[in-house]
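S.K.: One predicted model, sequence on top.
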Amino acid sequence: MKYETIRTDITVVGGGLSGVSAAVAAARLGRTVALVQNRPVLGGNSSSEVRVWVCGATAHGTNRYARETGIMGELLVENQFRNPDGNPYYWDLVVLEAVLAEPNIQLFLNTDVHEVEAEGDAEDRRIRSVTGWMMGSERRIRFESAIFADCTGDGLVGFLAGAKYRVGREAKHEYNEDWAPDTADGITLGSTLLFYTKDAGHPVKYVPPGFAKDITQTSIPIKRVIRSGDSGCHYWWIEWGGELDTVHENERIRDELWAVIYGIWEYIKNSGKFDAEHMTLEWVGSLPGKREYRRFIGDYVLNQNDILAQREFEDRVAFGGWSIDLHPPQGMYSAESGSKHLHADGIYHIPFRSLYSANVSNLMFAGRNISASHVAFGTTRVMATCAVIGEAAGTGAALAVQHGATPRAVYREHLAELQQTLLRQDASVIGLRSADVRDLARRAKVTASGTLRLLAVEQASGVIPLDRDAGLLVPVSPRLERIELLVDASAEAKLEVEVWSTGRAENYVPHRREASGSAAVAPGERQWISVPLRWEPGTPQHAFVIVKASDLLSLHFSSEPQTGVLCFAKNDRPLVSTNLEDHQPEQPVVQWSMRQHVRKPYCFRLFPETEAFSPDRVTDGYLRPYGQPHLWISQPLGQGQPASLELQWQEAMTMNEIHLVFNDDVNEDLINLHHHKTPFDVIPELVRDYRLEALQDGGWVTLHEERANRKRKRVHRIASPVTADRLRLVVESTNGSSRAEVVEIRVYDTEA
C-alpha cells in the first residue's frame, strides 16, 4: 500500500458540477486545489454514469434572461459547440477538459474520502485533513489544506467533521413555509435510475429478467406517462426511496429501480400497446442519481419565503430560478402527480452565509447540501444552480486563503471584494454593479462607430392569430410614445394595447399597468397600425407591452430575432405537462410563455428612438439584463465595414490586460444532453472576428487579433504593456447576427 500526503490551499471533495466549479474558480484565482472525486468521471449526476439533464435558472425556458454565466456558462456554451447532439460521453470530456486546463488543480479520480481529522469542541471545530482511498491503485492519500469544501452531495466530509446538518423536512412553523409539513420528519426526495433506448432497424425481442416488476400490478401505468420513444430524463419520475435512508439503503433503492425499469421495458415491448418492435435498450444506469440527503447548517438557512420574495441579500453571490419542485414521498408509486412546482416572479438570490458551516470554521459546501430548508432545497438542488453556487464557494475559499481568514470572516470583512471578484469573473450574480477601481475603462469616454437606435422588427415571416393576449418586453429609454404593429384584420376591429412595468429589475412579467392606447383597424392585410402609448418612467427600464386578444386580428412575426426584445403568449391554463406537473396558474412566469416565440418576435416599431444600447453601456458595471439590456449594439455590419467601440482617456494609460464580454444571449436555453436541440452550434450574437488596437504615434497599432471566437468572456494579456490614451475594439464579423453586440470592456494594468 502506498501512503501519500497532498498539501494544497484548498481541498474540494466531490467532482460534480458544484465541485468542479469550486475547484476551477479557486484555481483561476491563483490558489492550489486538490479536487477529489470518488467516481472515474467528473460531472456527478450529469455524467455519463447517471445522465441527468443539467437544469438551472432558465427552468427549461420558463424564466427570461436566466441562463448561467461564469464557469457553468462556459461549459454549456462549449458543449453546445462540441456536442450539439447531446452525447453524454462528450459532455464528460467537456467537464474533464475544463479541470485539466487549470495547472493549479490536482485531480484525484476514483478516490473515496472516508476519514476526517478535525479538532475543537462541538461549536467551534476545524478540519485538519481528510483521507481517501484511491480504488484500483492501492493508494491511501491524506489531504491537508487551509479550507475544505464538501461538494459530495451526501455531505459525508462535513458529517465526519462534526458539522451541524439536517435530514428530512422541517415543520411548517420553523420557517413559516406554506409547503412544509405540519410536523418535521425524515422524508427526502427519492433517487432515480435512467435508461436509453434506440431503434435497431430490425425486430428485437426482449426477455425480461426474473426480477423485473410487473408494473401492471402497480399504479405506474395509470399515474405516469409511458411512451416508446422516450428515454433518459423523460423518465425522471422513476423515483423511489424518499421514505428510506437514501444513503444507507442505496443498494435496496437501486434494486427496486432496476426492477421497475426492466418492467417498464417489458410493458413497452411486449404489451402490444406501443410501436416498439424495432426498439432495444441501449443503456441502463447502475448508479442511482440521488436528489437529497444531508443539508448543512450555515450562518443562514435559505427558505421558501426568501425564494418567493426574491430577497436581495446583502451577501448574494449566486442566483437560481428553477421552481420549488417537490415530489411525493412514495415516488413512482404515488397516486399524486410526480411533482408540484411553485415559481417566483423571476430569479432568486443565494447568500454567501448559506455556503459555509456554522460550527466548522474552515468548511464550505456547494451543491445540494447547502444551508437551505427542505422546501428551498426543492429549487437550489438542480445542477446548474449547484454549479454557480460552487463558483461562489470556490471564490470565497480562495479569498479566505489569500487573507488567512475563515469563510465567515470573508463575509464580515471582505464581502465587497468577494462580490467584485465574482463580477470580474462574469459569475452568475444579478443586480450587483462593478465598482472595480483598478478597471481603467471606468475612467474612459466611450464612443462607437454607430449604435442601434430605432428598435424595430420589420421583416415578416409568418402570421399568428391574436386569439389570446400577446406580450412584448422592450426597453424604455428614456420614454415611450407609441408602438406600431404589423397586423391583419378580417373585419373592422380595435387594436388595444397596454403598457405595464415589471416591478423588479430582475423580473420580466407585468406588474403594474402604466399606460394604454388603442387604434381602429380597417379590414386588410399587412397593415402597420400605430397605437399611442405615453409613458416616461423616470428611470430607464423594461416595459411589458400587452396586445389584447381579438378574434378579428392577427399579428405578423419574424424569424429574425432582436436582442433586447422578448415576445410572449398568455396561457389561460399554463401547464408544462398536463399529466405530470402541478402548477399554480396565477404564477406570472408560467402564465406568460415565451417558448413558442424564442427568436421569433412580433413585427413592431417602437418610438421614439431608444438610448438603451448606447456605447457607454459597456462600462456601466452590469453584465446581463437588469432593468435594461446593458449592452452596446452596433449599426448593421456592412460589406467590409466593421463596427468599433473606442475608449478615450484624458491622459495616456498603461495597460496590459483587456477583458471583453460578448453577448451570448442568456435568454437562450442551452442543455448538456437531449432535452431539446438548439439549431446552431454557436450563439449567433457572439462576436466572431475582432481585433484590439491602441493609438500610438498617430496611428492605430494592433494589440491582439482574434479569429473564430465562440466564447462569451475573453481575457487578452498583452505581452509588453502599452501606454496610450485611446483603445478600440474593432468587430469584423459575428457568428450570425447582423450587428456587433458587446456587454462589457475592462482594461487593467496588472503590474501597477
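M.R.: Everything's here; your move.
S.K.: Just checking: what are the partner strands of the host helix or strand of residue 525?
M.R.: Using DSSP states H and E, residue 525 sits within strand 524-535. Counting by DSSP bridges, the strands paired with strand 524-535 are strand 480-489 (antiparallel).
S.K.: List the strands paired with the helix or strand following the partner strand, with their directions.
M.R.: Using DSSP H and E, the next helix or strand after strand 480-489 towards the C-terminus is strand 493-501. Its sheet considered, strand 493-501 pairs with strand 512-521 (antiparallel), strand 541-547 (antiparallel) by DSSP bridges.
S.K.: Ramachandran angles for the residue lying closest to residue 110 once chain neighbours are set aside?
M.R.: Sequence neighbours aside, residue 135 is the residue nearest to residue 110 in space, at 4.5 Å (criterion: C-beta to C-beta, 6 or more residues apart in numbering). Where C-beta positions appear, they are placed from N, C-alpha and C, glycine not excepted. When read as degrees, to the nearest 10, the backbone of residue 135 gives phi -70, psi 140.
S.K.: quick one: buried residues of stretch 206-226?
M.R.: For stretch 206-226, the neighbour count (16 or more other C-beta atoms under 10 Å) marks 208, 212, 213, 215, 220, 223, 224, 226 as buried.
S.K.: ok, now stretch 135-155?
M.R.: Within stretch 135-155, the residues scored as buried using 16+ other C-beta under 10 Å are 139-155.
S.K.: picking up where we left off before, point out the least confident one among the buried residues of stretch 206-226.
M.R.: By pLDDT, residue 223 ranks lowest within the buried residues of stretch 206-226, coming in at 88.
S.K.: Just say helix, strand or coil for the closest residue in space to that one that isn't next to it in sequence.
M.R.: In space, and not counting its chain neighbours, residue 223 is closest to residue 335: 6.2 Å by C-beta to C-beta, 6+ apart. Under DSSP: H, G, I helix; E, B strand; the rest coil, residue 335 falls in the coil class.
S.K.: Could you verify my assumption that residue 335 touches residue 218?
M.R.: No: at 10.9 Å, residue 335 does not count as touching residue 218 under the criterion of C-beta atoms under 8 Å.
S.K.: Output the strand ranked longest in the chain in PDB with nothing but the alpha carbons.
M.R.: Determined from DSSP state E, the single longest strand within the chain is strand 713-734. Once non-C-alpha atoms are left out, strand 713-734 reads as follows in PDB (Å, rounded to 0.1, in the frame of the first residue of the first chain):
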ATOM      1  CA  LYS A 713     -15.800  36.100 -21.900                       C
ATOM      2  CA  ARG A 714     -12.300  36.700 -23.300                       C
ATOM      3  CA  VAL A 715      -9.200  37.900 -21.400                       C
ATOM      4  CA  HIS A 716      -6.300  39.200 -23.500                       C
ATOM      5  CA  ARG A 717      -3.000  39.700 -21.900                       C
ATOM      6  CA  ILE A 718      -0.600  41.900 -23.700                       C
ATOM      7  CA  ALA A 719       3.000  40.700 -23.500                       C
ATOM      8  CA  SER A 720       4.500  44.200 -23.400                       C
ATOM      9  CA  PRO A 721       2.400  46.800 -21.500                       C
ATOM     10  CA  VAL A 722       1.100  49.500 -23.800                       C
ATOM     11  CA  THR A 723       0.700  53.200 -23.000                       C
ATOM     12  CA  ALA A 724      -2.000  55.000 -24.900                       C
ATOM     13  CA  ASP A 725      -4.900  57.400 -24.500                       C
ATOM     14  CA  ARG A 726      -7.200  55.600 -27.000                       C
ATOM     15  CA  LEU A 727      -8.100  52.000 -27.300                       C
ATOM     16  CA  ARG A 728     -10.600  50.500 -29.600                       C
ATOM     17  CA  LEU A 729     -12.300  47.200 -30.300                       C
ATOM     18  CA  VAL A 730     -12.900  46.600 -34.000                       C
ATOM     19  CA  VAL A 731     -15.600  43.900 -34.800                       C
ATOM     20  CA  GLU A 732     -15.300  42.500 -38.200                       C
ATOM     21  CA  SER A 733     -17.900  39.700 -38.100                       C
ATOM     22  CA  THR A 734     -20.300  37.800 -35.800                       C
END
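S.K.: Can you tell me how far the nearest residue to residue 461 once chain neighbours are set aside is from residue 237?
M.R.: Closest residue to residue 461 apart from its sequence neighbours, by C-beta to C-beta, 6+ apart: residue 559 at 4.2 Å. From residue 559 across to residue 237, the span is 35 Å (C-beta to C-beta, to the nearest Å).
S.K.: circling back to that earlier point, residue contacts, the residue nearest to residue 110?
M.R.: Contacts for residue 135 (C-beta atoms under 8 Å, 6 or more residues apart in numbering) come out as 110, 111, 112.
S.K.: just residue 308 next, same as before
M.R.: Taking C-beta under 8 Å, 6+ apart, one finds 324, 342, 344, 348 in contact with residue 308.
S.K.: same check, this time on residue 124
M.R.: 359, 361.
S.K.: Kindly report the same for the one 4 residues further on.
M.R.: Under the criterion of C-beta under 8 Å, 6+ apart, the neighbours of residue 128 are 117, 118, 119, 144.
S.K.: can you list those residues in TSV and add distance to residue 689, pLDDT and secondary structure?
M.R.: Putting the contacts of residue 128 into TSV (distance: C-beta to C-beta, whole Å; pLDDT from 0 to 100; DSSP: H, G, I helix; E, B strand; the rest coil) gives the following:
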residue	distance to residue 689	pLDDT	secondary structure
117	54	98	strand
118	54	98	strand
119	57	97	strand
144	48	98	strand
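S.K.: May I see the PyMOL selection of the buried members of the residues you listed?
M.R.: Those of these that count as buried under 16+ other C-beta under 10 Å are selected in PyMOL with:
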select buried, resi 118+144
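S.K.: Let me know the closest of the contacts of residue 128 to residue 305.
M.R.: Of all the contacts of residue 128, residue 305 sits closest to residue 118, with 33.5 Å by C-beta to C-beta.
S.K.: Identify the residue nearest that closest one in space, chain neighbours excluded?
M.R.: Nearest to residue 118 is residue 161, by C-beta to C-beta, 6+ apart, at 4.4 Å.
S.K.: Report pLDDT for the closest residue in space to residue 708 that isn't next to it in sequence.
M.R.: With C-beta to C-beta, 6+ apart as the criterion, residue 708 has its nearest non-adjacent residue at 6.3 Å, and that residue is residue 688. The confidence metric pLDDT takes the value 98 at residue 688.
S.K.: show me the contacts for residue 688.
M.R.: Neighbours of residue 688 in contact, by C-beta under 8 Å, 6+ apart: 682, 707, 708, 709, 710, 732, 733, 734, 735.
S.K.: Quick one: buried ones out of these?
M.R.: 682, 709, 710, 732, 733, 734, 735.
S.K.: give me phi/psi at the closest residue to the second one other than its chain neighbours?
M.R.: Using C-beta to C-beta, 6+ apart and skipping the chain neighbours, the partner closest in space to residue 709 is residue 688 (5.6 Å). Backbone torsions of residue 688, given as degrees, to the nearest 10, read phi -100, psi -60.
S.K.: Could you tell me how far residue 688 is located from residue 733?
M.R.: Taking C-beta to C-beta, one finds residue 688 at 5 Å from residue 733.
S.K.: circling back: for the residue nearest to residue 223, phi and psi?
M.R.: Dihedral angles for residue 335 - degrees, to the nearest 10 - are phi -80, psi -10.
S.K.: Renumber starting at 566 from here on
M.R.: Yes, from this point I'll number from 566; that puts the last item at residue 900.
S.K.: That one: how many residues sit nearby?
M.R.: Residues lying near residue 900 (other C-beta atoms under 10 Å) number 9.
S.K.: Do a quick rundown of the strands in the stretch 666-815 of the chain.
M.R.: Listed in chain order, the strands of the stretch 666-815 of the chain (DSSP state E, counting those that start in this stretch) span 670-673, 676-686, 689-699, 704-709, 712-715, 730-731, 756-757, 760-764, 804-805.
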